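Trainee: sequence and predicted structure below; questions after.
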Amino acid sequence: MEMGSNQNPNKKKGKKRKKHKIIIFIIEIILLLVLLAVLFLWSKYQKIEHVDNIQTEDVVNEDLGLTTQEVLKGYTNIAIFGLDNEKSGVFTSGNSDLIMIASINNDTKEVKVVSVYRDTYLNVGTSAEPYYWKANYAYNHGGPKQAVLTLNQNLDLDIADYVAVDFYAICKVIDLLGGLEINVEEGKMMEEINIYIAETAAYTGLEPHMVEHPGVQTLDGVQSTAYCRIRHDANDFRRAQRQREVLSKIVEKTKSSSIFTINKIIDAVLEDISTDLTEMQLISMAAQLLDYELAGTTGFPFELYTFDLSRKYIVAPCDLEKNVKELHAYLFGEYNYTPSNTVLELSRAIAADTGKGVGDEQSTGVSEDQYVTQEPGDVEE
C-alpha cells in the first residue's frame, strides 16, 4: 500500500484561502494608513490661506530658450516672501522684506536658497509697461503675482508657486523648535536687537524678552526674528545673510525633531501662511521632507554697487546680464548660460538708469556665503 505522500486537496485549498485573506488584510491596512495620512495632510492643508493658482503663462518669461526650459524642468523653484506687515495674517500686500528663491533639484532633493536683496533695482512692472524700482516694491503694489513675475522676468526663471509668511509664523516655528543658537555680536547689533525685539513683539502680540548680553546664546522666536531684521549694522547684505543663517538653523533643527514637534509646528503656523501650492504638491513635498538637503545659500546680485537714487538707497546689479549668468551657474550648473533677450534689454536699461555696470562692482563689507559660478575642474587663467 502506497504511503499517503499527497496532501489532502481540501487542506491545500484552506491554506491558500488563509494566505489570500492575510494578503488582502495587509493590503487593506496599507490602504487605510495611506488614506489616514492623506486625510491628515488634507486637514493641515485646509488651514492654509490659499489663493487661486498663479497662471504660469502670466508670470513666466516667454523668452526663455528651449535648452533653459529643459534644464528648469529638473527643478522645482518656489518664491518665499517674508512680509513686514504691522498686522499678522495679511498676505495680499505689504513690503516683502524677505525675498528668497528656493530651488529644489527633483532628482537629488538638494535645495539651494538665494536671497534677492530687497533694494535691488529691477523691472518691477511688466514687459509691456516696465517700471524700474526696488524689488520689494513688486509685492506691495501687485501682490504675490507681481512679485513672482518680477523674479521671473529679471532672472530668467520659471517660478509659478510661492509661499508668504509673516513675523508671527516665523516666531512660532522657532519657539516650537526650542529656539536657535545664535551669536549676538557686540556693538551695533547688541545696541539694536532689543529695539527690534520690542517692535516684533508689538506686531505679533508675543511676549518680548530682551537680550541682556552679547555672545552665543539660545534666542527665542521673537529674538531670532528681530536678529533677522536688524539692518543698520551692514545695510541689507548682512541682514539677508542673517535671514539665510536663521533659515538654515530652522531646517537643521526641524530635520532632527520628532514627528510630534513637527506636527505642533504645522498646527501652530499653517493659518499664518499664504500659498498657491496645491494640496497634491504639499502632500508630495511633505512626504519627502526628510530627504531634502540644504546644499547652499547665497545672496543676489553677486556683483553690485550701492548708492542713493532719487534720495532712496538702491542696489544696482553690475550688470544684470552678468549676475543672471552667475545665478544660473549657481542654481542649475549652467556654466555657459546665455541670458534671454528680455534680460539683455533689462540689463541695458538698468545700467542706463543707474550709470553702473560691469567694472563698477564694490565690496559689500560682508563675508558672503560660498557659491560656485565656475564649472568644477575649470581653472581660471
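Mentor: All right, it came through fine. Numbers count the residues shown, from 1 in each chain.

Trainee: what residue ranges in the stretch 101-250 of the chain score low on pLDDT?
Mentor: Scanning the stretch 101-250 of the chain with the threshold set as pLDDT under 70 gives 232-235.

Trainee: where do the helices sit along it?
Mentor: Counting by DSSP state H, counting those that start in this stretch, the stretch 101-250 of the chain has helices at residues 137-155, 167-176, 188-204, 221-229, 235-255.

Trainee: who wins for proximity to Glu345 among the ones you listed?
Mentor: The closest of the helices of the stretch 101-250 of the chain to Glu345 is helix 137-155. By C-beta to C-beta, the value is 10.2 Å. For every residue, glycine as well, the C-beta is placed using N, CA and C.

Trainee: would you mark the buried spots in the closest one?
Mentor: For helix 137-155, a neighbour-count test (16 or more other C-beta atoms under 10 Å) marks 137-140, 142-155 as buried.

Trainee: ok, and what's touching it?
Mentor: Residues outside helix 137-155 that contact it (C-beta atoms under 8 Å, 6 or more residues apart in numbering) are 51, 54, 58-61, 79, 81, 83, 91-96, 99, 101, 116, 122-124, 126-127, 135, 157-160, 162, 164, 274, 276, 300, 320, 324, 327, 342-343, 346.

Trainee: pull out the buried members of these.
Mentor: 54, 59-61, 79, 81, 83, 91, 94-96, 99, 101, 116, 122-124, 135, 157-160, 162, 164, 274, 276, 300, 320, 324, 327, 342-343, 346.

Trainee: let's see which of these end up in strands.
Mentor: Among those, the members found in strands (DSSP state E) are 79, 81, 83, 96, 99, 101, 116, 122-123, 162, 164, 274, 300.

Trainee: let's have these in CSV, adding distance to Ser224.
Mentor: Below are these laid out as CSV (distance: C-beta to C-beta, whole Å):
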residue, distance to Ser224
Ala79, 22
Phe81, 18
Leu83, 17
Ser96, 19
Ile99, 19
Ile101, 22
Val116, 21
Leu122, 29
Asn123, 34
Tyr162, 23
Ala164, 19
Ser274, 21
Phe300, 23
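
Trainee: closest one to Asp291 out of these, please.
Mentor: Distances from Asp291 to those, taken by C-beta to C-beta, are shortest for Ile101, at 20.1 Å.

Trainee: ok so, going back, greatest separation within the ones in strands among the buried ones among the contacts of helix 137-155: which pair is it?
Mentor: Asn123 and Ser274 (24.4 Å).

Trainee: which residues sit in contact with the nearest residue to Ile99 once chain neighbours are set aside?
Mentor: Of all residues not flanking Ile99 in the chain, Val116 sits nearest, at 4.3 Å (C-beta to C-beta, 6 or more residues apart in numbering). Residues in contact with Val116 (C-beta under 8 Å, 6+ apart) are 99-101, 135, 151, 155, 299-300.

Trainee: switch the cut-off to 6 Å
Mentor: Residues in contact with Val116 (C-beta atoms under 6 Å, 6 or more residues apart in numbering) are 99, 135, 300.

Trainee: was I right about the second one contacting Tyr121?
Mentor: No: Ala135 sits out of contact with Tyr121 when judged by C-beta atoms under 6 Å, with a separation of 8.1 Å.

Trainee: is the residue nearest to Ile99 in a bridge, and if so with what?
Mentor: When bridges are called by DSSP bridges, Val116 pairs up with Phe300.

Trainee: and the angle from the helix or strand hosting Asp267 to helix 167-176?
Mentor: Element membership for Asp267, per DSSP states H and E: helix 259-269. Per axes from the mean of the first three to the mean of the last three C-alpha atoms, to 10 degrees, the angle that helix 259-269 makes with helix 167-176 is 160 degrees.

Trainee: now helix 259-269: buried residues?
Mentor: Result for helix 259-269 [16+ other C-beta under 10 Å]: buried residues 262, 264-266, 268-269.

Trainee: ok, residues contacting that helix?
Mentor: Helix 259-269 has contacts (C-beta under 6 Å, 6+ apart) with 44, 169, 172-173, 176.

Trainee: hmm, try it at 7 Å
Mentor: With C-beta atoms under 7 Å, 6 or more residues apart in numbering as the test, helix 259-269 has contacts from 44, 169, 172-173, 176, 254.

Trainee: what is the nearest of these to Glu70?
Mentor: Nearest to Glu70, judged by C-beta to C-beta, of the contacts of helix 259-269 is Thr254 at 32.5 Å.

Trainee: count of neighbours near that closest one?
Mentor: For Thr254, the tally of surrounding residues (other C-beta atoms under 10 Å) stands at 16.

Trainee: same question for Asn194.
Mentor: When counting by other C-beta under 10 Å, one arrives at 16 neighbours for Asn194.

Trainee: report how many residues lie close to the closest residue to it other than its chain neighbours.
Mentor: Distance criterion C-beta to C-beta, 6+ apart; nearest residue to Asn194, sequence neighbours excluded, is Met210 at 4.8 Å. Met210 is flanked by 13 other residues according to other C-beta under 10 Å.

Trainee: mind checking how far Met210 is from Thr200?
Mentor: 12 Å (C-beta to C-beta, to the nearest Å).

Trainee: buried set for stretch 343-353?
Mentor: For stretch 343-353, using 16+ other C-beta under 10 Å, the buried residues are 343-347, 350-351.

Trainee: please convert those to JSON lines, extending it with pLDDT.
Mentor: Converted to JSON lines, those look like this (pLDDT from 0 to 100):
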{"residue": "Val343", "pLDDT": "96"}
{"residue": "Leu344", "pLDDT": "97"}
{"residue": "Glu345", "pLDDT": "96"}
{"residue": "Leu346", "pLDDT": "97"}
{"residue": "Ser347", "pLDDT": "97"}
{"residue": "Ile350", "pLDDT": "97"}
{"residue": "Ala351", "pLDDT": "96"}
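
Trainee: with distance to Thr306 added, can I get these in JSON lines?
Mentor: JSON lines is the format used below for the buried residues of stretch 343-353 (distance: C-beta to C-beta, whole Å):
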{"residue": "Val343", "distance to Thr306": "21"}
{"residue": "Leu344", "distance to Thr306": "23"}
{"residue": "Glu345", "distance to Thr306": "24"}
{"residue": "Leu346", "distance to Thr306": "19"}
{"residue": "Ser347", "distance to Thr306": "18"}
{"residue": "Ile350", "distance to Thr306": "14"}
{"residue": "Ala351", "distance to Thr306": "15"}
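
Trainee: I'm done for today, thanks for sticking with me.
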